[in-house]
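**Student:** I would like the atomic coordinates for the input below:
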Amino acid sequence: MNPVRPEPRRRNWWQRLRIPAIALAAAAGVIAGAEYVADLELAEDQAQYRNRVMGEAGNLRSRLESEVNATAHLTVGLAVFVATQPHFRDADFERLAEEIVRRGRHVRSIGLARDSVVSHVYPLAGNDAALGLRYMDHPDQRGPVLRMMETGEPIFAGPVALVQGGRGLINRVPVYVANVGPSQFRGRYWGLVSIVLDADSLFAAAGVSPRVEDLRVAVRGADALGAEGELILGEPSVFESGAMLLDIAVPGGTWQIAVVPAAGWNAPAAMGSRQLYRAAGLALGMIMGLLVYGWLIERARIHRMATHDALTGLPNRALAQERLRSMLRGAARHGEGCALMFIDLDDFKPINDRFGHRAGDAALRQIARRVRGELRGSDTFARVGGDEFLLVLPNVRRHEEARRVAYKVIEMISVPLQFRGANLKVGGSAGYALFPEHGTTAEALWVAADGAMYAAKMAGKGQVRSAPPSLSSVPEPQAAVGQTA
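**Tutor:** Residues are numbered from 1 along each chain as shown. Okay, here's the model as predicted:
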């Protein structure tokens, strides 16, 4: 071991980065908290946004169902008329059909099909080509009519392209008349009645279109087949965008309406609120980080002022005592030796008297830099008085090691000092005590080393003395190690 020129004292990475790391952690905590609040706010806003969209979808469904059912019941009324008067006169049909068209806002035409063959149409103008149409002979008509006959339920077919232009929705209702002989559950199949509705007029009256305010809307379920039916209104992509889906009751089945925000499910207001929280969190985090950083720097400064000499930056008496106690605990635990050394400057007072206290202060600072730069990282060099210094030296057991360090320190002190072009000459005397030879407590070593330095001063300038035998401490119980000096 070379106790004089080992590596200089270095701070570990935590000592170097502790304050910035804590400040960054505080800032990150605030930012993370703001992000958490922003996420909660976003989730709440999105939930409200979904509820609003669901409410709008419900309104659209209700209006569409109302429009469909308001005209569908007219078909049922016509079916009841035929069922109760299967041998009606043509004039009676025309009067009733005229009234239905007048009352029905979306009715385009009315037809009767005895035995599934169109026998009556109103208005006849423009629709006369439909007379004699046999539903069973047309593949596109046969399926729905057979389904109607099997279930006995109305069929809401379409939309289909109308010859007169536009799209039509056809509400067909089967008609059964009572048998004179043995009764059947439904009676005898007479045929069907149908009312053609203007699809575009019906959707417009219900306020349903591919774009409703900030929503995209689509409806599917042609021929009342629900989700299995073809598209009726809007774009197919609406059903693939996580849309709100609601079933619409129509005669003989259902339609399905899909509603999705045109801008997607990330509500603009919610995203703006989230960005606001993020910005506020970032600002607060930076402020908090700066405050914590400043507080820690100030706290470190105050702690340093309490534990270090203001002039030289060396540890002061209190910190030197703390490190001495720590060193003794480690030495006792591991069975190692250590040394405590006091160094007093020679001829320091004449510098103050001749050049003033500024020169004396400059000399002390230069001495502190010289000696501290030559010590090991584990050594402590402290200023404990006006011109008095202290060395705490771990792992020094023999007198030869301690004396070599002492003479080297005195040699460094004796190199002329510079102050405003003048050479300042000082020297030093040192006294040391060894653990456990001269004491096993901080107090015992302190007294022994101080006495050794006093003996060195009495012997002359530049002298080194160990603790005299009269000041050597008798080994004390282990529990006494580390008591306050």
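
**Student:** any low-confidence regions in the stretch 351-485 of the chain?
**Tutor:** Along the stretch 351-485 of the chain, the parts satisfying pLDDT under 70 run over 469-485.

**Student:** If we use 50, what do you get?
**Tutor:** 470-485 (pLDDT under 50).

**Student:** mind checking how far residue 150 is from residue 112?
**Tutor:** Distance of residue 150 to residue 112, computed by Cβ to Cβ, to the nearest Å: 21 Å. For every residue, glycine as well, the C-beta is placed using N, CA and C.

**Student:** Tell me which of these two has more neighbours.
**Tutor:** Neighbours of residue 150 and residue 112, each counted by other Cβ atoms under 10 Å, are more numerous for residue 112; the result is 23 against 9.

**Student:** so the nearest residue to the more buried one once chain neighbours are set aside is in which element?
**Tutor:** If the residues on either side of it in the chain are set aside, residue 112 comes closest to residue 120, at 4.0 Å by Cβ to Cβ, 6 or more residues apart in numbering. Taking DSSP states H and E as the criterion, residue 120 maps to strand 117-122.

**Student:** ok now that strand, how far from the chain's centre?
**Tutor:** With Cα atoms, centre = their mean, to the nearest Å as the basis, strand 117-122 stands 68 Å off its chain's centre.

**Student:** name the helices or strands packed onto that strand?
**Tutor:** helix 90-103, strand 107-114 (3 or more Cβ pairs under 8 Å, 6 or more residues apart in numbering; DSSP states H and E).

**Student:** and if we set it to 6 Å?
**Tutor:** Packed against strand 117-122 by the contact rule (3 or more Cβ pairs under 6 Å, 6 or more residues apart in numbering; DSSP states H and E) you find strand 107-114.

**Student:** Provide the contact partners of the strand it packs on at residue level.
**Tutor:** Outside strand 107-114, the residues that touch it by Cβ atoms under 6 Å, 6 or more residues apart in numbering are 97, 100-101, 118-122, 127, 191-196, 198.

**Student:** List only buried entries from those residues.
**Tutor:** 97, 100-101, 118, 120-122, 127, 191-196, 198 (16 or more other Cβ atoms under 10 Å).

**Student:** packing partners for the lowest-mean-pLDDT helix or strand in the chain?
**Tutor:** Between all helices and strands in the chain, the lowest mean by mean pLDDT, DSSP states H and E belongs to helix 268-307, at a mean of 76. Where contact means 3+ Cβ pairs under 6 Å, 6+ apart, helix 268-307 is packed against helix 13-84.

**Student:** and the helix it packs on, what does it pack onto?
**Tutor:** Using 3+ Cβ pairs under 6 Å, 6+ apart: helix 13-84 touches strand 167-177, strand 188-198, helix 199-206, strand 244-250, strand 253-261, helix 268-307.

**Student:** which one of the contacts of strand 107-114 is nearest residue 416?
**Tutor:** Residue 416 lies nearest to residue 198 out of the contacts of strand 107-114, by Cβ to Cβ, at 113.3 Å.

**Student:** how about the spatially closest residue to the closest one that is not a sequence neighbour, phi and psi?
**Tutor:** Nearest residue to residue 198, sequence neighbours excluded (Cβ to Cβ, 6+ apart): residue 106, at 4.7 Å. The phi/psi pair for residue 106 (degrees, to the nearest 10) reads phi -120, psi 10.

**Student:** Just the pLDDT for residue 106.
**Tutor:** Listed pLDDT for residue 106 reads 86.

**Student:** which regions of the stretch 51-200 of the chain lie under the pLDDT threshold?
**Tutor:** Within the stretch 51-200 of the chain, the segments meeting pLDDT under 50 span 181-183.

**Student:** Export the helices and strands packed on helix 13-84 as TSV, with columns for distance to residue 442.
**Tutor:** Shown next, in TSV, are those (distance: least, Cβ to Cβ, whole Å):
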stretch	distance to residue 442
strand 167-177	102
strand 188-198	104
helix 199-206	94
strand 244-250	78
strand 253-261	75
helix 268-307	16
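
**Student:** right, and these - which one's nearest residue 217?
**Tutor:** strand 253-261 (5.5 Å).

**Student:** just how off-centre is that closest one within its chain?
**Tutor:** 35 Å.

**Student:** how much space is there between residue 257 and residue 117?
**Tutor:** Distance of residue 257 to residue 117, given as Cβ to Cβ: 35 Å.

**Student:** the more surrounded of these two?
**Tutor:** Per other Cβ under 10 Å, whichever of residue 257 and residue 117 has more neighbours is residue 257, with 28 against 15.

**Student:** Touching, the more buried one and residue 221? I think so.
**Tutor:** No. Assessed by Cβ atoms under 6 Å, residue 257 is found out of contact with residue 221, at 8.8 Å.
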